[in-house]
Structures are given as C-alpha cells and as structure tokens.
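1. Sequence plus predicted model, see below.
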Amino acid sequence: MPRTTDPGTIRLALPKGRMEAGVMALLAEAGVRVASTARGYRPAISLPGFEAKVLKPQNIIEMLAAGSRDLGFAGSDWVEELGLKDALVEVYDTGLDPVRLVAAAPAAIVRDGRLTKPSVVVASEFERLTTRWIADRRLDARFVRTFGATEVFPPEDADCIVDIAASGATLAANGLIVFDELARSTTRLYASAAAMRDPAKREAADQLAMLLKGAAEARRRVMIEFNVPSDRLENAVEALPCMREPTIATLHHGAGYAVKAAVPRDDLPRIIVSIKKRGGSDIVVTTLSQIVA
C-alpha cells in the first residue's frame, strides 16, 4: 500500500541535481536543518509539521500539480516546459541558479544571429519550448529529443540545440555559439493550488518564504557600526544607504554617538571610506544570518 501522511503535514519536495546545493545552503542559512537519513530520499527536516522528500525538479512540478506534494523547489524553465504554470502557485523566487535557455550551433552555420542552413535538426530536452520556438522562428526543422549531454549532438547528430546555459562555457567547449535566447530561469519555491487553499498550509508556505527571504537578504547586506562626534552625526548618517533608519545610541559621558546600520555588501568599500571622511571611527563590520523586515 502507498505510504500515507497526516493530512495536516506540510509535504515539502527538495530538488535533486543542479539546484540541490543552492537550496540546501539557503535553507541552512535560514536556520532550517535538513539531515540525511538511512532512506536517503526522505531527509529529516527541523521545521515543525513538515516532512521532506528529495525528487528531481521535473517530478516536483508534476507532484505539486497532482497535489501529492504541498511545497517544492523547481526551476521556472521546467514549469514552462511541462505546461503547468497555471496549476502551481509561485511562493518565492530565490534568485538562485540563474540560467538561460538558449539556442546554440556551430559558428559555421550561424550568421547575424540566424541559421544559414535552410533545413535543420534541433536537439533538446525541452520539447515543448523548442517546438514553440521553431514555430515562432518559422524554421524548417526536425526535433530530436535528448536525455542529457545535449551539447555533444552537433554537428553529426543535430545542427543546433536548445539547452540550459549558465556561463556558456560548456557550449563553447563543444564548439557552439549562442545565437538566440528562449527564456531565463531561477530556482523558485512553488506550492500546489490545493495547499494554498488550506489556511494552515498557506501560512506555513508564507512563513518558509519569509525565512528564505531573510536569509537571502542577509547575503546581500552586512552590519556596519561606528562612532561619530555629536557635531558630525548627521553628515555621517548621510553616507548610509540603510534599509530604513540607522540605530543611534549615545556614547558614555556624551562622547558622541554609536551608529549601526545594515548596508549593501557591494557598497561596503565606498561606505567605509565615506564614513571615515565624515568623522566616523572605530568602524566594525559583521556578517548577518537573517534580515526580516
């Protein structure tokens, strides 16, 4: 008999493969512990009321659409490919693993962003998106379904391919150049429509999204603290692109002020230099684990 779960349990699907490391790292930074068990594909998870299962992203999408999983991580490219966008609810775009779905071919048959051959063979794992692209571009093309390693098909077994590209290094290593882009994709947290109609499960989805957002925001910011004389406080504060208003406290014996703010990590070098010029001293920078607005 199939394994059953308490109907109140939140059934979370975790991705196996390319997205796995990024999702697990973000969960860990959000304070969610995922520990492998002897079963391997059913890890223990520290979120109360949750159970986890590891699946391929394509299966996660199908299980969410069928309602046998409540929440799951998957790429938006596969949601489009499987034609199930309307069957799912996007809860949070993590921004992880940004990739492009591109068309690529040997340079010898590409000119000005177009294929020079009148009739071509196109290989891809993405049948739905590729055949739509072929129709949109009005190509005389035959589609060949692949099951991985698509980049090795040209030139002997296909003229061009439609495949996922992050940096494009793999395509270049196989003598292919990108000449068109079909879509962009990131790892996202999706929910089944049924789960989002259940108030308790919807709240759990929102709470998980909040934790993930807090961890993602903490990656982009650091906490900067410094002291500044009273007569230079306002000028120093102007150097801070903080989230709202900085935290300001009076130093002992009225010796000035202590200022604290969460600032963009990428702006830190400029901010430190500006604070020093404006009279700031004793500057301390610390990393953050969560920011929840």
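-> Here it is on my side, so go on. Numbering: from 1, shown residues only.
2. Give me the residue ranges of the stretch 151-293 of the chain where confidence is low.
-> Along the stretch 151-293 of the chain, segments meeting pLDDT under 70 span 242-243, 293.
3. partners of the longest strand that the chain contains, with directions?
-> Longest strand of the chain, by residue count under DSSP state E: strand 88-106. Take DSSP bridges as the rule and strand 88-106 pairs in its sheet with strand 160-165 (antiparallel), strand 176-192 (antiparallel).
4. gap between the shortest one and the chain center?
-> Read it as strand 160-165. 20 Å (Cα atoms, centre = their mean, to the nearest Å).
5. Follow the chain on from it and name the next helix or strand.
-> Next in sequence after strand 160-165, counting helices and strands by DSSP states H and E, comes helix 169-173.
6. If you count neighbours, what's buried in that next one?
-> For helix 169-173, the neighbour count (16 or more other Cβ atoms under 10 Å) marks 170-171 as buried. (C-beta placed from N, C-alpha, C; glycine too.)
7. repeat for stretch 202-214
-> Applying 16+ other Cβ under 10 Å to stretch 202-214 flags 202, 204-205, 208-209, 211-214 as buried.
8. hmm, back to that, right, and the strands paired with strand 88-106 - which one's nearest residue 97?
-> Of all the strands paired with strand 88-106, strand 176-192 sits nearest to residue 97, with 4.9 Å by Cβ to Cβ.
9. Convert that closest one to PDB, retaining C-alpha atoms only.
-> The C-alpha coordinates for strand 176-192 follow below in PDB (Å, rounded to 0.1, in the frame of the first residue of the first chain):
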ATOM      1  CA  LEU A 176      28.900  26.000 -30.100                       C
ATOM      2  CA  ILE A 177      27.900  29.700 -30.000                       C
ATOM      3  CA  VAL A 178      24.600  31.100 -28.700                       C
ATOM      4  CA  PHE A 179      22.500  32.800 -31.300                       C
ATOM      5  CA  ASP A 180      19.100  33.100 -29.600                       C
ATOM      6  CA  GLU A 181      17.600  33.100 -26.100                       C
ATOM      7  CA  LEU A 182      14.300  31.400 -25.400                       C
ATOM      8  CA  ALA A 183      13.800  32.000 -21.700                       C
ATOM      9  CA  ARG A 184      15.500  32.800 -18.300                       C
ATOM     10  CA  SER A 185      15.100  30.700 -15.200                       C
ATOM     11  CA  THR A 186      15.800  30.700 -11.500                       C
ATOM     12  CA  THR A 187      15.100  28.300  -8.600                       C
ATOM     13  CA  ARG A 188      11.700  29.100  -7.100                       C
ATOM     14  CA  LEU A 189       9.500  27.800  -4.300                       C
ATOM     15  CA  TYR A 190       6.200  26.700  -5.600                       C
ATOM     16  CA  ALA A 191       3.000  25.400  -3.900                       C
ATOM     17  CA  SER A 192       0.200  23.300  -5.100                       C
END
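10. ok, the closest residue to residue 84 other than its chain neighbours to residue 193 distance?
-> Distances taken as Cβ to Cβ, 6 or more residues apart in numbering place residue 65 nearest to residue 84, at 4.6 Å, with adjacent residues excluded. According to Cβ to Cβ, to the nearest Å, residue 65 stands 8 Å off from residue 193.
11. Among those two, which residue is more densely surrounded?
-> residue 65 (20 against 13; other Cβ atoms under 10 Å).
12. wait, isn't that one in contact with residue 88?
-> Yes. Using Cβ atoms under 8 Å, residue 65 is in contact with residue 88, at 6.4 Å.
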